[in-house]
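1. here are the coordinates; sequence isn't available:
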């Protein structure tokens, strides 16, 4: 099973490389304060990560008054009963991937086409479907964790040591996004 998943991911990676060359989108630096619409990608397989992202989405909506949508990948065939789609929190599972591990769900297609000001991928880069969505996203500014071989997926990468909890990843990325200002603003 593991070998099959690796082969499928390689085929997907080859397909992905062809598609990324065709994609011509205007990218620009967008800071947290400037952003009105934020997209977030994460691995929702662990229920604690799901709960943390759900709480963060609520905070961003309430405290910062921003429109935020989170898309979680659950690395299972079915969505656990404790996780369900609700406003601002969508999911896709293994059954929503084609043979090449590329998402083929209309909800994911809509997420990719959404014109986010910022798209944040909280995943470490090991999840090909989330990396694919990041690279293909129509977001103005894409942010993810630093992985040398995935620089074509992001406009800004944040280097983190090891595998920190998702709460720390959220805090670090938000910290760096808040440091970004429009170039015409005084510093």
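-> Received the coordinates, thanks. The model shown is predicted, which means the values in this text are computed figures rather than measured ones. Numbering: from 1, shown residues only.
2. who's in contact with the worst-scoring helix or strand of the chain on mean pLDDT?
-> Scoring the helices and strands of the chain by mean pLDDT, DSSP states H and E places helix 2-22 at the bottom, with a mean of 78. By CB atoms under 8 Å, 6 or more residues apart in numbering, the residues outside helix 2-22 that reach it are 99, 100, 101, 102, 128, 132, 135, 136, 152. Every C-beta, even on glycine, is put in place using the N, C-alpha and C of the backbone.
3. okay, these in CSV with pLDDT, neighbour count and secondary structure next?
-> Output for these, formatted as CSV (pLDDT from 0 to 100; neighbours: other CB atoms under 10 Å; DSSP: H, G, I helix; E, B strand; the rest coil):
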residue, pLDDT, neighbour count, secondary structure
99, 91, 11, coil
100, 91, 18, coil
101, 92, 22, coil
102, 93, 22, coil
128, 91, 22, helix
132, 93, 25, helix
135, 92, 20, helix
136, 93, 22, helix
152, 82, 13, helix
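4. re earlier: in its sheet, which strands sit next to the helix or strand following the least confident helix or strand of the chain, and in what direction?
-> Where DSSP states H and E defines the elements, the next helix or strand beyond helix 2-22 is strand 37-43. Sheet pairing for strand 37-43, assigned by DSSP bridges, gives strand 67-74 (parallel), strand 118-121 (parallel).
5. Look up the closest residue to residue 165, ignoring the ones flanking it.
-> residue 52 (7.8 Å; CB to CB, 6 or more residues apart in numbering).
6. returning to that earlier point: give me the buried stretch members for the least confident helix or strand of the chain, please.
-> Buried residues in helix 2-22, counted by 16 or more other CB atoms under 10 Å: 8, 9, 12, 16.
7. now swap in stretch 84-104 and tell me
-> Buried positions in stretch 84-104, judged by neighbour count with 16+ other CB under 10 Å: 88, 89, 90, 91, 92, 93, 96, 97, 100, 101, 102, 103.
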